[in-house]
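[1] turn this into a structure:
(2 chains)
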2 protein chains.
Amino acid sequence: MAVIRGYIAASLDGQIVSGDGSLDWLFKYDDMDLGEHDYRLFLKGIRTVVMGRATYDFIASEQSPWVYGDQRVIVVTSRPIEEPKGPLEVYNDVGSLIRELRALDDGDVWMLGGGKLQMAFLERGALDEIEIYVIPEILGSGEPLFPLTGHRASPTLVSATAIEKGCVRLHYRFS
Amino acid sequence: MAVIRGYIAASLDGQIVSGDGSLDWLFKYDDMDLGEHDYRLFLKGIRTVVMGRATYDFIASEQSPWVYGDQRVIVVTSRPIEEPKGPLEVYNDVGSLIRELRALDDGDVWMLGGGKLQMAFLERGALDEIEIYVIPEILGSGEPLFPLTGHRASPTLVSATAIEKGCVRLHYRFS
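    Numbers count the residues shown, from 1 in each chain, chains lettered A, B, ... in the order given. This next block holds a predicted model:
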């Protein structure tokens, strides 16, 4: 059964993008050495990437190339995607998507985000683990990593490590 | 010059009380062994405790005794406090309070909270350090540790340590 993983950076005040929809605050940590937790290593264990529409639109608006050559990409959206930036599938219904993901046995799933979709997964018991890279920045506005939907959970801490540049890696398991 | 410190527990989704104004989610971690970071040791270095009105009202509504026998307590509020639970002073103006606190040289100041008052201090450069005890609970509602006021800051990580029961201590310095 596929493990569904979160792997995401958040500000100290719990935001994943700043209020202007930007990741500029994060880019200055781009050269941070994550060692065994490096994004490229993480991606090697991933077969399927799931993202919401706003996350896809952000990626599509960037100049950077499509990096998911080896992965199956799923965008959860109710609106059609014209001229997709890379090969992708579109899902509308989170419930049926989760059933399909749970049946996979070809590698792990990355719940890339954003926060709302991640919370929809969490509420359905479909987020198994999350690695949070807490960046030492207070943004004062933005989109939260954990939107306040009323859902409660008591995850288990796997590890907590200071990495570099004041970034802290928090690893939790939900189960 | 007095060092103005934060020392506070927050949920993984960044709340300091749950949506019903309760700390029940935190009480189950009461017997956590914080070792050198124990609250009672922390309080020994503190001469002045500053809190907002909601925090005071919460403390006043509890059955527990007044624990600030050795500390000077300041409540920031614009409404009078009748029958105070313990010896305290009332301040209305944050700016003049901060000027007074900065002039102290009889021990450190604990910015007890809540989030709004703490942010008012932070915005005025009057929060020097903060210790955050990240509890492995997602509350889904509540009052945030860092209200989104638009204020940005880049604190310096001093240390990050997993303690007990999945709690993580994050220590930052603002300067």
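
[2] list the buried ones in stretch A:46-60?
    Neighbour-count burial for stretch A:46-60, counted by 16 or more other Cβ atoms under 10 Å in any protein chain shown, picks out A:46, A:48-59. Every residue, glycine included, has its C-beta placed from N, CA and C.

[3] average model confidence for it?
    Along stretch A:46-60, the predicted local confidence has a mean pLDDT of 96.

[4] next one: stretch A:151-160
    Averaged across stretch A:151-160, pLDDT comes to 98.

[5] what does that stretch contact?
    Contact with stretch A:151-160 is made by A:119, A:122-123, A:129-130, A:168-175, B:12, B:136-140, B:160-162, B:166-168, as judged by Cβ atoms under 8 Å, 6 or more residues apart in numbering or on different chains.

[6] in chain A, which helix or strand is least confident?
    Taking mean pLDDT, DSSP states H and E as the measure, the helix or strand of chain A with the lowest value is helix A:39-44, at a mean of 92.

[7] with adjacent residues omitted, what lies nearest to the residue nearest the centre of chain A?
    Within chain A, the residue whose C-alpha comes closest to the C-alpha centroid is A:Leu112; the distance, by Cα atoms, centre = their mean, is 2.4 Å. The spatial neighbour of A:Leu112 that comes closest, neighbours along the chain excluded (Cβ to Cβ, 6 or more residues apart in numbering or on different chains), is A:Met51 at 4.3 Å.

[8] so the one you found sits right up against A:Ile74, yeah?
    Yes - taking contacts as Cβ atoms under 8 Å, A:Met51 lies within contact range of A:Ile74: 7.5 Å.

[9] on that earlier part again, inside strands: which ones of the contacts of stretch A:151-160?
    Restricting the contacts of stretch A:151-160 to those inside strands, with DSSP state E as the criterion, leaves A:129-130, A:168-173, B:160-162, B:168.

[10] just the buried ones from the residues you listed, in PyMOL syntax?
    Here is the PyMOL command that selects only those of the ones in strands among the contacts of stretch A:151-160 that count as buried (16+ other Cβ under 10 Å):
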select buried, (chain A and resi 129+130+168+169+170+171+172) or (chain B and resi 160+162+168)
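
[11] the ones in strands among the contacts of stretch A:151-160: which two are farthest apart?
    With distance counted by Cβ to Cβ, no two of those lie farther apart than A:Glu129 and B:Thr161, which are 21.0 Å apart.

[12] quick check: mean pLDDT of the helix or strand hosting A:Leu97?
    Assignment of secondary structure by DSSP states H and E places A:Leu97 within helix A:94-103. Here helix A:94-103 scores 96 as its mean pLDDT.

[13] what's the answer for stretch A:9-21, then?
    Average pLDDT, stretch A:9-21: 96.

[14] what lies in contact with that stretch?
    Counting by Cβ under 8 Å, 6+ apart, A:8, A:23-26, A:29, A:58, A:113-115, A:132-146, B:13-14, B:144-146, B:148, B:150, B:155, B:170, B:172 sit against stretch A:9-21.

[15] chain A against chain B: which residues are in contact?
    With the criterion set to Cβ under 8 Å from any Cβ of the partner chain, chain A comes near chain B through A:12-15, A:19, A:122, A:134, A:136-142, A:144-146, A:148-157, A:159-162, A:166-168, A:170, A:172.

[16] so which of the residues you listed belong to helices?
    When helices are assigned by DSSP state H, the members of the residues of chain A next to chain B inside them are A:Leu122.

[17] quick check: PyMOL command selecting the buried ones in the residues of chain A next to chain B.
    To isolate the buried subset of the residues of chain A next to chain B in PyMOL, counting by 16+ other Cβ under 10 Å, use the following:
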select buried, chain A and resi 12+13+14+15+122+134+136+137+138+139+140+142+144+145+146+148+149+151+153+155+157+160+162+166+167+168+170+172
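
[18] returning to what we had before: just the contacts of stretch A:9-21: which are in strands?
    Among the contacts of stretch A:9-21, the members falling in strands are A:8, A:113, A:132-135, A:143-144, B:144, B:170, B:172 (criterion: DSSP E).

[19] which of those residues has the weakest pLDDT?
    Across those, the bottom pLDDT score, 92, is held by A:Gly113.

[20] distance of the closest residue to it other than its chain neighbours from A:Val17?
    Leaving aside its sequence neighbours, A:Gly113 sits nearest to A:Thr55 (Cβ to Cβ, 6+ apart; 5.3 Å). Spatial separation of A:Thr55 from A:Val17 under the definition Cβ to Cβ, to the nearest Å is 9 Å.

[21] joint contacts of these two?
    Listed contacts common to A:Thr55 and A:Val17 are A:Gly114; contacts here mean Cβ under 8 Å, 6+ apart.

[22] tell me the secondary structure at A:Ala60.
    Using DSSP: H, G, I helix; E, B strand; the rest coil, the secondary structure recorded for A:Ala60 is helix.

[23] hmm, A:Lys85 and it touching each other?
    Yes - between A:Ala60 and A:Lys85 there is a contact at 4.5 Å, judged by Cβ under 8 Å.

[24] returning to that earlier point: now do the buried residues in the least confident helix or strand of chain A.
    In terms of neighbour count (16+ other Cβ under 10 Å), helix A:39-44 has its buried residues at A:Phe42.

[25] for it, which outside residues touch it?
    Taking Cβ under 8 Å, 6+ apart as the criterion, the residues outside helix A:39-44 that touch it are A:7, A:67, A:70-71, A:110, A:131.
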